[in-house]
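S.K.: With the sequence up front, the predicted model follows.
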Amino acid sequence: MHQTDTLQITPLVKKPFGCSVTLPEYANMDPANLIEDDFQQLFEAVHKYLVVIIPEQEKLSPKSQYLLTKRFDPTLPEPKEESGANYGHGKEFRHAQSVLRKDGCSVKSQPQVQILGQGVFKADEPGNENGEDISLTHPSHTTFHHTPLTEDEIKKEHKTRFYRWHIDSALYDLSPPVVTTLLGIKVPPSTQTQTIDYADGSGDVLELTQGATCFVSGAQAFKNLSEEDKEFALTTTVEYAPHPYIFISPAGATSDGLTMVSEGKELPFDQLPEWEESKVKKLPMVWTNPVTKEHHLQLHGCCLYKLHTKQSDGSVKTLDLEDARKKAHSLMRPSISPDQVLAHSWNQGDLVIFYNRGLWHSVTGEFKGVGQDGGDERRLMHQCNIASNHDPTTIQ
């Protein structure tokens, strides 16, 4: 990569949003080393472009990734301090009943960094920091959607789905992280393509490379709303279920990954792990970007429980689970249309920093194991996000 004396920001071409960044030479290929002026440029780029791609970072250490991620949230202790920073999903990430339970493992030396991917990696392979063999499973819609694609649709027609549109957050007790950093350490060549099946009769088609990570701008999603729906969103609080990833575990997602199919399969509250009412998250549906001052439509359609909307007379109207899901789906669906989705095709060494409080994202793709059909589709990534010390707010 060409070295420069200053941080270079280049908007992505023919994409709905996003930018690439070239680090200054002094940073020595480690963005955690940026001086304050250059970091502020990076901070503003993340908030303005929502997704920032820094190539050729495959040697970035988990420690540096953690320090860089932590630096984006002024409510957290200074990067040199190690106390008070929780991985954004908390301990529930590994709970036996959670829908997240198979999504990787923690780096032992830096537990705020998660190891994600597909396949078995030996103890001495690059990116495996744990000194022991690890087995990773790429999230597949086939284990999460109510009605998944058939084997023929996946293997012969090369179809895939948006796995789950979401915001990285525990959505119980812990506050949503400001940013997520995702590092591609081993990435299969992006020569295979798959096609997103929206499965809703719209005729929408999105072709992308195998395992692309998809992003949608919350700011554009808000702009897409009618004036009536903007007013609804601005006056609505989203109540999430206690331990939401456990609550939804028996249910299945809609075929576009936006929310869950309502069949009454959710775990009753008295069967959830112990929970406290004071830790239940009730967040505004619209969050304000502190840099651009734009409104962003930010909700996790799979994990919501109720919607509470303030009426003009001061009263509050509540939509319970099934109606809340239907309303959320109607607000969110226009913004996952193909022309509004940034589908990032991974190259080895890509470090992606995304503004977790300003967009939604989804895993896509189906991977084979080592040797199947003669190829190696293993993938290894490091992910870091840190629970904030404050909830997002809306400034009207």
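M.R.: All right, it came through fine. Numbers count the residues shown, from 1 in each chain.

S.K.: what's the average pLDDT for the host helix or strand of residue 184?
M.R.: Assigned by DSSP states H and E, residue 184 belongs to strand 179-186. For strand 179-186, mean pLDDT is 96.

S.K.: which strands and helices sit next to that strand?
M.R.: Under the contact criterion of 3 or more C-beta pairs under 8 Å, 6 or more residues apart in numbering; DSSP states H and E, strand 179-186 touches helix 62-71, strand 351-355, strand 379-385. (Each C-beta comes from the backbone N, C-alpha and C, glycine too.)

S.K.: What angle do strand 379-385 and it make with each other?
M.R.: 160 degrees (axes from the mean of the first three to the mean of the last three C-alpha atoms, to 10 degrees).

S.K.: Next SSE downstream of strand 179-186?
M.R.: Using DSSP H and E, the first helix or strand after strand 179-186 is strand 193-197.

S.K.: about what we covered before: quick one: closest of the helices and strands packed on strand 179-186 to residue 319.
M.R.: strand 351-355 (27.8 Å; C-beta to C-beta).

S.K.: and the angle from the closest one to strand 379-385?
M.R.: Using the same axes, to 10 degrees, strand 351-355 lies at 40 degrees relative to strand 379-385.

S.K.: Near residue 172, how many other residues are there?
M.R.: By the criterion of other C-beta atoms under 10 Å, residue 172 has 24 neighbours.

S.K.: could you point out where the stretch 51-200 of the chain is predicted with low confidence?
M.R.: 77-85, 87-103 (pLDDT under 70).

S.K.: Strands of that one, start to end?
M.R.: 51-54, 105-107, 110-121, 134-136, 159-160, 179-186, 193-197 (DSSP state E, counting those that start in this stretch).

S.K.: Of those strands, which is nearest residue 169?
M.R.: Residue 169 lies closest to strand 179-186 among the strands of the stretch 51-200 of the chain, at 9.9 Å (C-beta to C-beta).

S.K.: Got the domain ranges for the chain?
M.R.: 8-217+343-385, 219-335 (automatic domain parsing).

S.K.: any chance of those domains in JSON lines, with distance to residue 392 too?
M.R.: Output for the domains of the chain, formatted as JSON lines (distance: least, C-beta to C-beta, whole Å):
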{"stretch": "domain 8-217+343-385", "distance to residue 392": "5"}
{"stretch": "domain 219-335", "distance to residue 392": "4"}
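
S.K.: and of the ones you listed, who's closest to residue 393?
M.R.: Closest among those, using C-beta to C-beta: domain 219-335, at 6.5 Å.

S.K.: Quick one: mean pLDDT for the closest one?
M.R.: Rounded mean pLDDT across domain 219-335 is 97.

S.K.: measure that domain end to end?
M.R.: 10 Å (C-alpha to C-alpha, to the nearest Å).

S.K.: Can you get me a residue count around the closest residue to residue 204 other than its chain neighbours?
M.R.: Distances taken as C-beta to C-beta, 6 or more residues apart in numbering put residue 198 closest to residue 204, at 4.5 Å, once the chain neighbours are dropped. For residue 198, the tally of surrounding residues (other C-beta under 10 Å) stands at 20.

S.K.: Using JSON lines, please lay out the helices and strands packed on strand 179-186 together with distance to residue 230.
M.R.: Shown next, in JSON lines, are these (distance: least, C-beta to C-beta, whole Å):
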{"stretch": "helix 62-71", "distance to residue 230": "32"}
{"stretch": "strand 351-355", "distance to residue 230": "21"}
{"stretch": "strand 379-385", "distance to residue 230": "28"}
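
S.K.: Tell me the spacing between residue 17 and residue 291.
M.R.: Residue 17 sits 14 Å away from residue 291, going by C-beta to C-beta, to the nearest Å.

S.K.: Same question for residue 344.
M.R.: 21 Å.

S.K.: what's around the closest residue to residue 200 other than its chain neighbours, how many residues?
M.R.: Leaving aside its chain neighbours, residue 200 sits nearest to residue 256 (6.3 Å; criterion: C-beta to C-beta, 6+ apart). Residue 256 has 23 neighbouring residues, counting by other C-beta under 10 Å.

S.K.: Report the contact partners of residue 256.
M.R.: The contact partners of residue 256, by C-beta atoms under 8 Å, 6 or more residues apart in numbering, come to 161, 162, 165, 198, 199, 200, 333, 336.

S.K.: got a list of what the fourth one touches?
M.R.: In this case it means residue 198. Counted by C-beta under 8 Å, 6+ apart, residue 198 has contacts 204, 205, 206, 255, 256.

S.K.: burial count for residue 167?
M.R.: Neighbours of residue 167 (other C-beta under 10 Å): 24.

S.K.: quick one on the thing from earlier: which residues make contact with the strand holding residue 184 from outside it?
M.R.: 46, 57-58, 60, 65, 68-69, 72-73, 88, 117, 121, 125-127, 168, 213, 346-356, 378-385.

S.K.: Equivalent analysis for stretch 188-196, please.
M.R.: 157-162, 204-212, 338, 345-347, 364-367, 375-379.

S.K.: Tell me the spacing between the spatially closest residue to residue 390 that is not a sequence neighbour and residue 310.
M.R.: Of all residues not flanking residue 390 in the chain, residue 75 sits nearest, at 5.1 Å (C-beta to C-beta, 6+ apart). Distance of residue 75 to residue 310, computed by C-beta to C-beta: 27 Å.
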